[in-house]
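In: with the sequence up front, the predicted model follows.
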Amino acid sequence: MNPDHRSLFRKIAEYLHPGPDSVAELLQTLEEAQEKELIDTQSLAMLGGVLKLGGMTAGDVMVAAPRMELLDIDAPFDDLLHVVIDTAHSRFPVFEGARDNIIGILLAKDLLKRQRSPEINLRALLRPAVLVPESKGLNDLLTDFRGKRHHLALVVDEFGSLAGLITIEDILEEIVGEIEDEFDALSHDAASRHIVSLPEDGAYRVSGQATLAELSRQFDCAFSESEQAQFDTIGGLVAHRMGYVPRKGEEHMVAGLRLVVLIATSGAIKWFRATRVA
């Protein structure tokens with residue numbers, strides 16, 4: 001027996017004002033609480049993210065296989081180092097032969113061991129890859145990441161083929177929004193520049209807030225008069241052309257430039273990687 005200890009007043013109040021019966025109703029209740037200043041806007045956004053997480057799967061937020069940054073186990077060491085420096089990721093799936101033949105995960109910091117001791121076999125530095133199905137719920141996956149101290153998992157489809165990858169950061173960003181990374185650790189002088197040269201390969205890091213005029217001067221490219229009149233920034237132009245705010249890794253061609261998204265929030269593109277196209 002579980003006696004009901006609620007007071008008569010509380011029972012009447014719950015009868016007259018029943019609680020939410022769905023996630024949508026709960027979100028509406030939270031929005032009403034925010035309007036009454038019981039919770040702030042940021043808390044509302046995070047609570048909304050937590051609630052929505054329950055209905056999402058790994059396939060919803062993964063980086064699709066064609067956009068994954070991979071390392072070839074048979075590539076020269078200098079080429080591997082070049083990719084690590086250029087992308088600035090901390091972990092990389094490593095393949096042998098075909099891109100979907102992943103043989104392990106390489107931590108960028110482990111390359112320092114190889115640089116100091118060239119005789120080390122790169123295969124000895126690889127760590128086992130964690131595989132999860134596309135249907136894996138984000139709540140369960142986050143629990144696994146935390147419990148087993150994993151930071152990255154490869155996502156496979158129902159046929160066992162590589163579909164993409166997902167990181168713990170991808171899941172957390174669904175709750176708290178974009179987590180700024182190494183590009184935000186720049187000095188104030190460098191961060192204030194909208195176009196930064198990447199001397200490793202002649203590419204550029206371009207802010208989504210860079211104006212079309214700035215790109216025209218830097219790359220000697222031309223935008224139409226209507227584009228210049230309608231859009232102040234390259235981020236706004238690209239999002240308009242694509243019809244949505246692209247995610248990290250998506251690319252777009254404009255004015256003779258290939259722009260690959262490096263960092264994007266739910267509402268704006270923060271950084272591109274830009275290269276000229278012949």
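Out: The structure has been received and is ready for your questions.

In: the closest residue to Arg127 other than its chain neighbours in helix, strand or coil?
Out: In this structure, Arg127 finds its nearest non-sequential neighbour in Ile105, 4.7 Å apart by C-beta to C-beta, 6 or more residues apart in numbering. Any C-beta I mention is one placed from the backbone N, CA and C, and that applies to glycine too. When classified by DSSP: H, G, I helix; E, B strand; the rest coil, Ile105 comes out as strand.

In: doesn't Pro93 make contact with Ile105?
Out: Yes - assessed by C-beta atoms under 8 Å, Ile105 is found in contact with Pro93 at 5.9 Å.

In: returning to what we had before: what count of nearby residues applies to the residue nearest to Arg127?
Out: 23 (other C-beta atoms under 10 Å).

In: okay, the residue nearest to Gly235 when sequence neighbours are not counted: pLDDT?
Out: What sits nearest to Gly235 in space, not counting adjacent residues and going by C-beta to C-beta, 6+ apart, is Gly208, at 2.8 Å. For Gly208, the pLDDT comes out at 87.

In: quick check: Gly208 touching Leu237?
Out: No - counting by C-beta under 8 Å, Gly208 does not reach Leu237; the two are 9.7 Å apart.

In: after the lowest-mean-pLDDT helix or strand in the chain, next one along is what?
Out: One helix or strand of the chain scores below all others by mean pLDDT, DSSP states H and E: helix 188-191, with a mean of 38. Downstream of helix 188-191, the next assigned helix or strand under DSSP states H and E is strand 195-198.

In: which residues does that following strand contact?
Out: With C-beta atoms under 8 Å, 6 or more residues apart in numbering as the test, strand 195-198 has contacts from 86, 186, 190, 204-207, 210, 214-215, 218, 273-274.

In: could you export that strand as PDB, CA atoms only?
Out: As requested, the backbone C-alpha atoms of strand 195-198 are provided in PDB (Å, rounded to 0.1, in the frame of the first residue of the first chain):
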ATOM      1  CA  ILE A 195      40.600  36.200 -42.600                       C
ATOM      2  CA  VAL A 196      43.600  34.300 -41.300                       C
ATOM      3  CA  SER A 197      46.200  32.600 -43.400                       C
ATOM      4  CA  LEU A 198      47.000  28.900 -42.800                       C
END
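
In: partners of it, with directions?
Out: Applying DSSP bridges, strand 195-198 is found paired with strand 203-207 (antiparallel).

In: so Gln28 sits in a helix?
Out: Yes - counting by three-state DSSP, Gln28 is found in a helix.

In: give me the low-pLDDT residue ranges for the chain?
Out: Low-confidence segments of the chain (pLDDT under 70): 1-23, 177-193, 199-201, 265-267.

In: what are the ranges of the helices in this protein?
Out: 8-16, 23-35, 41-53, 58-61, 77-87, 111-116, 138-148, 168-176, 188-191, 212-219, 225-230, 234-242 (DSSP state H).

In: kindly reformat those as a markdown table containing mean neighbour count and distance to Gly160.
Out: Below are these laid out as a markdown table (neighbours: other C-beta atoms under 10 Å; distance: least, C-beta to C-beta, whole Å):
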| stretch | mean neighbour count | distance to Gly160 |
| --- | --- | --- |
| helix 8-16 | 10 | 50 |
| helix 23-35 | 13 | 32 |
| helix 41-53 | 15 | 26 |
| helix 58-61 | 19 | 14 |
| helix 77-87 | 15 | 26 |
| helix 111-116 | 13 | 30 |
| helix 138-148 | 15 | 18 |
| helix 168-176 | 17 | 22 |
| helix 188-191 | 9 | 43 |
| helix 212-219 | 17 | 43 |
| helix 225-230 | 12 | 45 |
| helix 234-242 | 19 | 32 |
